[in-house]
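Novice: the following block contains a protein sequence and its predicted model.
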Amino acid sequence: MQILQAAAAQSTNPWPLRRERAVELTLRYPHAAEMLRLYQALLPAQEAVYLEFRSTGGQLEDIPDFAAERVLPAIVDATLSSGPTRLRDGVISVFCSADLKGLFRQWLDQEPLGVVETYLARACTSPLLEALTSSPSPLAIPSPSSLAGEGRGGGSRCPTCSGLPQLSYFAVSGEALVSGPRYLLCSRCAGSWVFSRMTCAYCGEATGARLPIFQEQEQFLHVRVDGCESCHRYLLTFDLRRDTRAVPVVDELAALPLDLYAIDQGLTKITPNLLGN
């Protein structure tokens, strides 16, 4: 039994675990404290709307209106109270001038957006997508036709919402000497699915010599960079056998030094995280 995977699938509320890990990592990694404080400020609003949308039976077509009317004000408040100056200024500009419901529709259709627009749309709508796809009868969200050819590796897109992977992780196995499978975690709905260990999660390259792995053994023993010399993309992979307390979507926010190293190697992240790294 993969302990983390089973817990994630069965949990009705993943936010308390994320909040606890964010507090822990804020103390451990001073370089990431600002980002993690912003993340912690966002969590109460995201948790509340996740639970509400899930309990009231919200549907995909409800998300733009619900996000604009019920989620956005709290996300803006959290950003203005805890975000860095440039992000605060950008959020104010978008909030005052953008077609916000249209912005959320663009995000749901996976159309390209600016950095601040992406942050707002993702912070507001991802908890709602997660509520839909983690329900007892999860919703399969249609894949926009514009996505044909993106993420060419077989199975590299989320089978539920068609999102690109945010990261990957090795689950904890119930047997002492048996390693768990590799999972990809969706950047949109936070769903997970099994994926081949030695395959690029973007282009499907499977030649080991073209898949460099970079690790930093002191601060990030449970994290590595999985790169690809064919498409020049990368993502971070988390080994939960090495840190059973890790929550990959939170730990990724603290792993900025690994992102910077990957960029120095000429690699581009498959999908930046919520805070743009």
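Specialist: Done, it's in.

Novice: tell me how many other residues crowd residue 16.
Specialist: Neighbour count of residue 16, defined by other CB atoms under 10 Å: 11. Every C-beta, even on glycine, is put in place using the N, C-alpha and C of the backbone.

Novice: again but with residue 30, I slipped
Specialist: Under the criterion other CB under 10 Å, the count of neighbours that residue 30 has is 8.

Novice: who's in contact with it?
Specialist: Residue 30 makes no contacts at all, as judged by CB atoms under 8 Å, 6 or more residues apart in numbering.

Novice: per-residue pLDDT, it?
Specialist: Looking at residue 30, its pLDDT is 95.

Novice: next, it: phi, psi?
Specialist: Backbone geometry at residue 30, expressed as degrees, to the nearest 10, gives phi -60, psi -30.

Novice: isn't residue 35 right up against residue 253?
Specialist: Yes: counting by CB atoms under 8 Å, residue 35 does reach residue 253; the two are 5.3 Å apart.

Novice: overlap in contacts, those two.
Specialist: Common neighbours of residue 35 and residue 253 (CB under 8 Å, 6+ apart) are 275, 277.

Novice: neighbour-wise, which of those two wins?
Specialist: Between residue 35 and residue 253, residue 35 has the larger neighbour count (other CB under 10 Å), namely 24 against 21.

Novice: and the helices in the chain, which stretches?
Specialist: Along the chain, counting by DSSP state H, helices occupy 3-10, 15-28, 33-55, 63-66, 72-82, 85-97, 100-108, 115-133, 248-254, 256-264.

Novice: save those as TSV, and put in distance to residue 194 too.
Specialist: Shown next, in TSV, are the helices of the chain (distance: least, CB to CB, whole Å):
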stretch	distance to residue 194
helix 3-10	9
helix 15-28	21
helix 33-55	24
helix 63-66	27
helix 72-82	32
helix 85-97	35
helix 100-108	25
helix 115-133	16
helix 248-254	15
helix 256-264	24
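
Novice: show me where the protein dips below the pLDDT cut-off.
Specialist: Along the chain, segments meeting pLDDT under 70 span 1-11, 135-154, 173-179.

Novice: mind listing what the residue positioned nearest the centre of it touches?
Specialist: Nearest residue to the geometric centre of the chain (CA atoms, centre = their mean): residue 187, 3.9 Å. By CB under 8 Å, 6+ apart, the contact set of residue 187 is 163-166, 271, 273.

Novice: hmm, try it at 10 Å
Specialist: 122, 126, 158, 161, 163-167, 235, 249, 270-274 (CB atoms under 10 Å, 6 or more residues apart in numbering).

Novice: just so I know, which of the helices of the chain lies nearest residue 191?
Specialist: helix 115-133 (5.2 Å; CB to CB).

Novice: give me the angle between the closest one and helix 15-28.
Specialist: 140 degrees (axes from the mean of the first three to the mean of the last three CA atoms, to 10 degrees).

Novice: just the CA atoms of helix 115-133, as PDB, please.
Specialist: Output of helix 115-133 as PDB, limited to C-alpha atoms (Å, rounded to 0.1, in the frame of the first residue of the first chain):
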ATOM      1  CA  VAL A 115       2.400  35.900 -14.600                       C
ATOM      2  CA  VAL A 116       0.100  37.800 -12.300                       C
ATOM      3  CA  GLU A 117      -3.000  36.600 -14.200                       C
ATOM      4  CA  THR A 118      -1.900  33.000 -13.900                       C
ATOM      5  CA  TYR A 119      -1.200  33.400 -10.200                       C
ATOM      6  CA  LEU A 120      -4.700  34.900  -9.500                       C
ATOM      7  CA  ALA A 121      -6.500  32.400 -11.700                       C
ATOM      8  CA  ARG A 122      -4.600  29.400 -10.300                       C
ATOM      9  CA  ALA A 123      -5.000  30.500  -6.600                       C
ATOM     10  CA  CYS A 124      -8.700  31.000  -7.100                       C
ATOM     11  CA  THR A 125      -9.700  28.100  -9.300                       C
ATOM     12  CA  SER A 126      -7.400  25.200  -8.500                       C
ATOM     13  CA  PRO A 127      -9.100  24.500  -5.100                       C
ATOM     14  CA  LEU A 128     -12.400  24.300  -7.000                       C
ATOM     15  CA  LEU A 129     -11.000  21.900  -9.600                       C
ATOM     16  CA  GLU A 130      -9.500  19.800  -6.800                       C
ATOM     17  CA  ALA A 131     -12.900  19.700  -5.100                       C
ATOM     18  CA  LEU A 132     -14.400  18.400  -8.300                       C
ATOM     19  CA  THR A 133     -11.800  15.800  -9.000                       C
END
